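**Q** With the input below, show me the fold.
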Amino acid sequence: MEFRNYEYLIYIVVSVFVPLLLLVSYSFYRRNFIKRIIKSDRSREMIVAAGYGRIAVKESLLALAILLCAIVLLKPSWGTETKKVEREGADVLIALDVSRSMLAADVAPNRLERAKAAVRWITESLKGDRIGLIVFAGDAFMMCPLTGDIDAFLQFLDSVGPDSVNLQGTNFGSMLGEAKKVFSRKRMTSKMLIVISDGEDHENSYDSYISFFKENAIEVYTLGIGRGEGDFIPSSGDKSTADLYYRDFDGNLIKTRKNRGLLENLSRSTSGKYIDITSSLSGLNDILGKIDRQQQNYFGSKIITERTDRTGIFLFALVVILMIEAFIGDGKPLKRKRKDA
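**A** Okay, the predicted model is just below:
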């Protein structure tokens, strides 16, 4: 058995543990309360006629229902099935900043890992689309050509870092130049470029490429990363012997800050949109909506083998258990007999 949402295991465990803890706490409280009042004159009105047995059954069913909720959220699967998948979608081109400033930890664990998480989110949400990756720092190159093989693309993504580009710094002009080559050579179905960066640009040389994107109606969507106060840039030296952070020629620590203005200007000048993903990835829904509205190409079909989703079995069991629990009443309180006058 496998769980498709295994990466969310810790969150699901917490979400299940809390209601289970509340259920157990309430169970002990109710039993202790009955024990305290059983000697009073009102005991017959407070004790459930069905007794502890019926209460125990209902509580056990609720506990089982909570555990089934956890299994449903984990999306269990076992066995395999073969299916033919028609591949139709748009082309998505992403440019990822891998300069050393992206190692700043003002976004946990750092800006680059946050950017990679955004790329994975987009990639795993695509439906038949092809995706390509440009990486850039002081220079830029096509890390992964347009492909419909999502697993291969994610392998390329996992391998990228500051050492992927020899020339350090940040050059938006070089990145846009590489993107221009792709849009010029390929028959792209998509008229959009997704740029993920902290916005630092050491060359200020991208203005000459704006006209190409405007003339070809290519919208640039910029995803900004970094908090206002910024952070220091980790060095790549040996931590036991070298300084942990980069310094300038005067020995002062170098702090990197997000340049939101540059990113907003780049997207605005190409009729695109700026989205900040520092605190949340929810804004990426706008990106997916834009991709869905792009012209679709037929990329053929392929035979795939995948695990069979068995979530429905546990969901059905959950509904049955909740129905049984609802039909089991708590019993009516015993009424005190009236005394004859």
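**Q** those helices in the stretch 51-200 of the chain, which residues are they?
**A** Along the stretch 51-200 of the chain, the segments classed as helices by DSSP state H, counting those that start in this stretch run 51-74, 111-125, 150-159, 172-185.
**Q** quick one: which of these is nearest residue 272?
**A** helix 172-185 (12.4 Å; C-beta to C-beta). Backbone N, C-alpha and C define where each C-beta goes, glycine included.
**Q** if we can go back for a sec, can I get the helices of the stretch 51-200 of the chain in CSV with distance to residue 233 and mean neighbour count?
**A** Output for the helices of the stretch 51-200 of the chain, formatted as CSV (distance: least, C-beta to C-beta, whole Å; neighbours: other C-beta atoms under 10 Å):
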stretch, distance to residue 233, mean neighbour count
helix 51-74, 39, 16
helix 111-125, 10, 19
helix 150-159, 22, 14
helix 172-185, 18, 19
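**Q** a markdown table please, covering the ones you listed and showing mean pLDDT.
**A** Shown next, in a markdown table, are these (pLDDT from 0 to 100):
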| stretch | mean pLDDT |
| --- | --- |
| helix 51-74 | 84 |
| helix 111-125 | 94 |
| helix 150-159 | 93 |
| helix 172-185 | 92 |
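**Q** could those helices be laid out in a markdown table, adding distance to residue 234?
**A** Below are the helices of the stretch 51-200 of the chain laid out as a markdown table (distance: least, C-beta to C-beta, whole Å):
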| stretch | distance to residue 234 |
| --- | --- |
| helix 51-74 | 36 |
| helix 111-125 | 11 |
| helix 150-159 | 19 |
| helix 172-185 | 22 |
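**Q** Let me know which of these is the nearest to residue 225.
**A** helix 111-125 (4.6 Å).
**Q** Which strands and helices lie in contact with that closest one?
**A** strand 91-97, strand 130-136, helix 150-159, strand 192-197, helix 284-292 (3 or more C-beta pairs under 8 Å, 6 or more residues apart in numbering; DSSP states H and E).
**Q** In terms of mean pLDDT, which of those ranks lowest?
**A** Looking over these, mean pLDDT reaches its minimum on helix 284-292, with a mean of 87.
**Q** picking that back up, could I get the helices and strands packed on helix 111-125 as CSV with distance to residue 268?
**A** Below are these laid out as CSV (distance: least, C-beta to C-beta, whole Å):
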stretch, distance to residue 268
strand 91-97, 17
strand 130-136, 21
helix 150-159, 28
strand 192-197, 13
helix 284-292, 15
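**Q** neighbouring contacts of the helix or strand where residue 223 lies?
**A** Assessed by DSSP states H and E, residue 223 sits inside strand 219-224. For strand 219-224, contacts defined as C-beta atoms under 8 Å, 6 or more residues apart in numbering pick out 115, 118, 191-199, 213, 258, 260, 263-264, 266-267, 270-278, 283-284, 286-287, 290.
**Q** do you know how far residue 199 is from residue 268?
**A** 13 Å (C-beta to C-beta, to the nearest Å).
**Q** So for those two, which sits in the more crowded spot?
**A** Set side by side, residue 199 and residue 268 show more neighbours around residue 199, with 25 against 13, by other C-beta atoms under 10 Å.
**Q** And the more buried one, how close does it get to residue 106?
**A** 13 Å.
**Q** Residue 157: what's it in contact with?
**A** Counting by C-beta under 8 Å, 6+ apart, residue 157 has contacts 96, 116, 119, 120, 123, 133, 144.
**Q** Include distance to residue 224 when you put the residues you listed into TSV, please.
**A** Output for the contacts of residue 157, formatted as TSV (distance: C-beta to C-beta, whole Å):
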residue	distance to residue 224
96	13
116	15
119	14
120	18
123	19
133	19
144	23
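**Q** any idea which of these is the one closest to residue 56?
**A** Nearest member of the contacts of residue 157 to residue 56, counting by C-beta to C-beta, is residue 120, at 45.8 Å.
**Q** isn't that closest one right up against residue 155?
**A** No. Counting by C-beta atoms under 8 Å, residue 120 does not reach residue 155; the two are 11.7 Å apart.
**Q** care to break this structure down by domain?
**A** Following automatic domain parsing, one gets these domains for the chain: 2-79+308-327, 91-295.
**Q** tell me the most buried of those?
**A** Most buried of the domains of the chain by mean neighbour count (mean count of other C-beta atoms under 10 Å) is domain 91-295; its value is a mean of 18.
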